[in-house]
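Below are the sequence and a predicted model; questions follow.
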Amino acid sequence: MTGSTPPRKRRFSLGKADEEPSDGSHDARDDERGSPGAVAPFEPATDRADHPVPVTQPAPVARRRAAVMRDKARELAREGVRRGGSGARAGLSYLADRIIDIAPRVPVRDLATLRRQFPGLGPEELADKLVAGAAAATSTVGAGIGAAAMLPVPPAMPTELAAEITGVAAIELKLVAELHEVYGVRPPGNLKTRSTAYLSSWSGERGIDVLKPSTYDVALGGHMKRELRQQIMKRVVRDLPNLMPFMVGAAVGAVMNRRDTKRLAAHVRADLRTIQVPWAELAELPPLEKPAEPLPVRGFPEGL
């Protein structure tokens with residue numbers, strides 16, 4: 001043993017250091033080592049579903065171009081609204097002037113003519129007859145315009161709508177004037193003055209108090225035209241369903257026109273009853289002058 005190197009001081013040979021298995025198992029179990037294929041790759045995964053999609057930021061030039069296009073679109077939209085509003089106001093102004101023009105041409109029957117045509121009826125019964133005839137006439141106009149919308153090539157809708165509005169206005173103006181005759185409340189003045197008073201009554205849906213001229217307009221001033229345009233605007237909005245296709249518009253137009261004419265008559269009659277002059281106390285009035293060019297008012301049932 002003399003001269004030998006103690007075991008603790010022996011040096012391992014470099015050649016024998018790697019004699020163990022190269023896989024580095026050292027008797028380790030497979031489930032402790034893990035599978036060699038389970039090592040995560042070094043390359044970044046590009047097909048992972050749980051990774052968010054990278055967002056590509058637009059270039060500054062593209063952002064500026066999009067902003068310019070958006071501002072231009074808003075400007076064009078505002079311009080379209082302004083032009084549409086101007087066109088609507090111009091259309092309403094034309095309709096108002098058209099109704100003002102036809103008002104003196106609407107034929108009106110005076111009380112003596114009405115009593116001869118409907119003998120044996122009192123004021124309320126005679127007024128009921130007039131309302132029934134006018135409601136039937138406006139119903140016919142609404143149904144006819146609504147049916148036009150079902151044609152394969154419909155006519156110009158603004159033209160048809162304007163024709164309905166003026167047609168209904170003529171019928172209702174005739175009703176308003178004759179109701180004033182029945183209740184013994186004829187406005188003073190000539191044909192033009194009375195027509196203006198009836199326009200005021202129709203546009204405001206109220207009766208005329210002849211003892212208070214301030215309650216109605218006898219001249220076509222700014223206030224009168226403003227009220228008339230407001231009434232026409234209501235009628236335009238109300239008559240839009242009449243242009244529905246497939247004959248639905250015809251039924252809707254007939255019902256709505258009938259209802260609205262009766263509502264107008266109810267409002268006017270309620271006012272006239274408060275100032276009604278009984279026929280026995282009514283002074284004999286001169287016959288109403290006839291218009292130079294009477295407007296043909298169609299749609300009334302025969303005898304009304």
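Cool, got the structure. Residues are numbered from 1 along each chain as shown.

Now stretch 182-193: buried residues?
182-187, 191 (16 or more other Cβ atoms under 10 Å). (Glycine included, C-beta is placed from N, CA and C.)

for stretch 297-304, same thing?
297, 299.

picking up where we left off before, from the buried residues of stretch 182-193, which single one is nearest R258?
V182 (20.3 Å; Cβ to Cβ).

For A90, see how far away the closest one is.
38 Å (Cβ to Cβ, to the nearest Å).

Repeat that for A266.
Counting by Cβ to Cβ - A266 and A90 are separated by 33 Å.

G189 now?
31 Å.

swap in R115?
Distance from R115 to A90, by Cβ to Cβ: 45 Å.

The two - which one has more neighbours?
R115 (17 against 10; other Cβ atoms under 10 Å).

for the more buried one, what are its contacts?
121, 126 (Cβ atoms under 8 Å, 6 or more residues apart in numbering).

now it, what's its secondary structure?
Following DSSP: H, G, I helix; E, B strand; the rest coil, R115 is assigned to helix.

Packing partners of the host helix or strand of T159?
T159 is part of helix 157-182 when elements are defined by DSSP states H and E. Applying 3 or more Cβ pairs under 8 Å, 6 or more residues apart in numbering; DSSP states H and E, one finds that helix 157-182 contacts helix 60-102, helix 111-117, helix 123-148, helix 191-204, helix 222-239, helix 248-274.

From L130, how far off is H267?
15 Å.

In terms of packing, which of those two has more residues around it?
For H267 and L130, the more surrounded residue by other Cβ under 10 Å is L130, and the numbers stand at 22 against 15.

surely the more buried one meets V182?
Yes. Using Cβ atoms under 8 Å, L130 makes contact with V182 at a distance of 7.0 Å.

okay, and the common contacts of these two?
Counting by Cβ under 8 Å, 6+ apart, the residues touching both L130 and V182 are L114.

still on that earlier bit, okay, angle between the helix holding T159 and helix 123-148 too, please.
Orientation check (axes from the mean of the first three to the mean of the last three Cα atoms, to 10 degrees): helix 157-182 against helix 123-148 gives 170 degrees.

quick one: buried residues of helix 157-182?
Of the residues in helix 157-182, those buried (16+ other Cβ under 10 Å) are 160-162, 164-182.

Then stretch 264-284?
For stretch 264-284, burial by neighbour count (16+ other Cβ under 10 Å) applies to 264-265, 268-269, 271-272, 276.

Mind putting those into a markdown table with distance to G120 and pLDDT?
Shown next, in a markdown table, are the buried residues of stretch 264-284 (distance: Cβ to Cβ, whole Å; pLDDT from 0 to 100):
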| residue | distance to G120 | pLDDT |
| --- | --- | --- |
| L264 | 27 | 94 |
| A265 | 22 | 96 |
| V268 | 24 | 96 |
| R269 | 20 | 96 |
| D271 | 26 | 94 |
| L272 | 22 | 95 |
| Q276 | 19 | 94 |
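
which one is L288 nearest to, not counting chain neighbours?
D110 (4.5 Å; Cβ to Cβ, 6 or more residues apart in numbering).

if I read this right, the one you found contacts L285, doesn't it?
Yes. At 6.9 Å, D110 counts as touching L285 under the criterion of Cβ under 8 Å.

anything in contact with each of those two?
Counting by Cβ under 8 Å, 6+ apart, nothing touches both D110 and L285.

Which one of the two is surrounded by more residues?
With neighbours defined as other Cβ under 10 Å, D110 and L285 compare such that D110 has more, 16 against 12.

List the contacts of the closest residue to K174 other than its chain neighbours.
Excluding the flanking residues, the one nearest K174 by Cβ to Cβ, 6+ apart is V106, at 5.1 Å. Neighbouring residues of V106 by Cβ under 8 Å, 6+ apart: 170, 173-174, 177, 195, 291, 294-295, 297.
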